[in-house]
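1. here is my input, please return the structure:
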Amino acid sequence: MLADRQFIEQNVSATYTNRFRVAGAKLTIDGSPQGFTAWRDRPYYAPVGDYPKGYAGYAAATPEQVLDATDWAYAKNIQLLTHSNGERASDLLISALTIAEMKNGPGKDRRPVLIHGQFLREDQLDAYKRLGVLPSLFPMHTFYWGDWHTTKTVGPVLGQNISPTGWVRKRGMIFTTHHDAPVAFPDSMRVLDATVTRVARGSGKVIGPDQRVDVITALKAMTIWPAWQHYEEKAKGSIEVGKLADFAILSRDPTKGDPNTIDRITVTETVRRGSPSSR
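-> Below is the predicted model of the structure:
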């Protein structure tokens, strides 16, 4: 969004050309929680490094840039996908989306997306629901950085609510999940496992037991809900007549058995547009 809006406007498309399309506009407000660059509404718990007292991260874009970019996307009816990790970054995004909707009118199928949303307050999720925002969360953080978050970034209390999928579902909202490669490896079973169990790899502790969801919900967050996120729910996301025959065959049913062994499930075969290929 801050680099080349003209390219976005000229190339955004609902259809693919050579299996590629520009689907929307990306905006980045802040950095990463594990790197202490997410823009928070309070100081970091115990940051590792030479930080001033009361350090709370910083913004990667000015309020003026965020307000202008959001207004532009709403005026052009182009889907906006915003990287926002810290609470203060979300405060700014919520304000910008509210103003953009007031200026350009509600009712259009814009499907704005919150990317990451690692540090969220519950009141912010209420606002995102009101604005029709779809959270694309990062529960794999509970596996890779769960112990880091509870001891360094936000502490043992707030650390339980990293990637708050439970809060999202409590409000009747849908969400999607991701691995954010190369930040984490593109391992779908690891994403599924972390969304269901939220077990930290170091300590083995459950990070936020109330934020866990069932396997079916976690699978929807990787299939049918991402298809909706990208306006492709009529062609992808579920196995139905008329949709693309894209699916994976797993070594066992993830909805049965011990959920703590989901990460050991392997893909035995993939089918793409009806053509099988063994792995």
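2. any chance you could map the strands in this protein?
-> For the chain, the strands defined by DSSP state E occupy 25-28, 80-84, 113-116, 134-137, 176-177, 247-250, 267-272, 275-278.
3. export the ones you listed to JSON lines and append columns for distance to Trp225 and mean neighbour count.
-> In short, each C-beta sits where N, CA and C put it, glycine included. Below are the strands of the chain laid out as JSON lines (distance: least, C-beta to C-beta, whole Å; neighbours: other C-beta atoms under 10 Å):
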{"stretch": "strand 25-28", "distance to Trp225": "19", "mean neighbour count": "20"}
{"stretch": "strand 80-84", "distance to Trp225": "15", "mean neighbour count": "25"}
{"stretch": "strand 113-116", "distance to Trp225": "11", "mean neighbour count": "24"}
{"stretch": "strand 134-137", "distance to Trp225": "8", "mean neighbour count": "24"}
{"stretch": "strand 176-177", "distance to Trp225": "5", "mean neighbour count": "24"}
{"stretch": "strand 247-250", "distance to Trp225": "16", "mean neighbour count": "14"}
{"stretch": "strand 267-272", "distance to Trp225": "20", "mean neighbour count": "13"}
{"stretch": "strand 275-278", "distance to Trp225": "25", "mean neighbour count": "9"}
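4. reformat these as a markdown table; add distance to Ser203 and mean pLDDT.
-> Shown next, in a markdown table, are those (distance: least, C-beta to C-beta, whole Å; pLDDT from 0 to 100):
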| stretch | distance to Ser203 | mean pLDDT |
| --- | --- | --- |
| strand 25-28 | 31 | 98 |
| strand 80-84 | 28 | 98 |
| strand 113-116 | 23 | 98 |
| strand 134-137 | 22 | 98 |
| strand 176-177 | 22 | 98 |
| strand 247-250 | 28 | 92 |
| strand 267-272 | 29 | 92 |
| strand 275-278 | 38 | 74 |
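5. what's the closest of those strands to Trp39?
-> Nearest to Trp39 among those is strand 80-84 (8.3 Å), distances taken as C-beta to C-beta.
6. which residues sit against the closest one?
-> 1, 24-30, 69-70, 73-74, 90, 92-93, 110, 112-117, 136 (C-beta atoms under 8 Å, 6 or more residues apart in numbering).
7. just the terminal-to-terminal distance for stretch 131-138.
-> One end of stretch 131-138 to the other measures 21 Å (C-alpha to C-alpha, to the nearest Å).
8. re earlier: in JSON lines, list the strands of the chain along with distance to Ala218.
-> Output for the strands of the chain, formatted as JSON lines (distance: least, C-beta to C-beta, whole Å):
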{"stretch": "strand 25-28", "distance to Ala218": "25"}
{"stretch": "strand 80-84", "distance to Ala218": "21"}
{"stretch": "strand 113-116", "distance to Ala218": "17"}
{"stretch": "strand 134-137", "distance to Ala218": "11"}
{"stretch": "strand 176-177", "distance to Ala218": "7"}
{"stretch": "strand 247-250", "distance to Ala218": "14"}
{"stretch": "strand 267-272", "distance to Ala218": "16"}
{"stretch": "strand 275-278", "distance to Ala218": "25"}
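9. nearest to Arg19, of those?
-> Between Arg19 and those, the tightest spacing by C-beta to C-beta is seen for strand 267-272, at 11.1 Å.
10. can I get that closest one in CSV, CA atoms only?
-> Backbone C-alpha positions of strand 267-272 (Å, rounded to 0.1, in the frame of the first residue of the first chain) are rendered in CSV as follows:
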residue,chain,number,x,y,z
VAL,A,267,0.2,-36.3,3.9
THR,A,268,0.1,-39.6,2.0
GLU,A,269,-1.2,-38.2,-1.3
THR,A,270,-2.4,-34.9,-2.8
VAL,A,271,-5.0,-34.4,-5.5
ARG,A,272,-4.9,-31.2,-7.5
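11. any idea how far that strand is from the middle of the chain?
-> 25 Å (C-alpha atoms, centre = their mean, to the nearest Å).
12. partner strands of it, with direction?
-> Using DSSP bridges, the strands paired with strand 267-272 are strand 247-250 (antiparallel), strand 275-278 (antiparallel).
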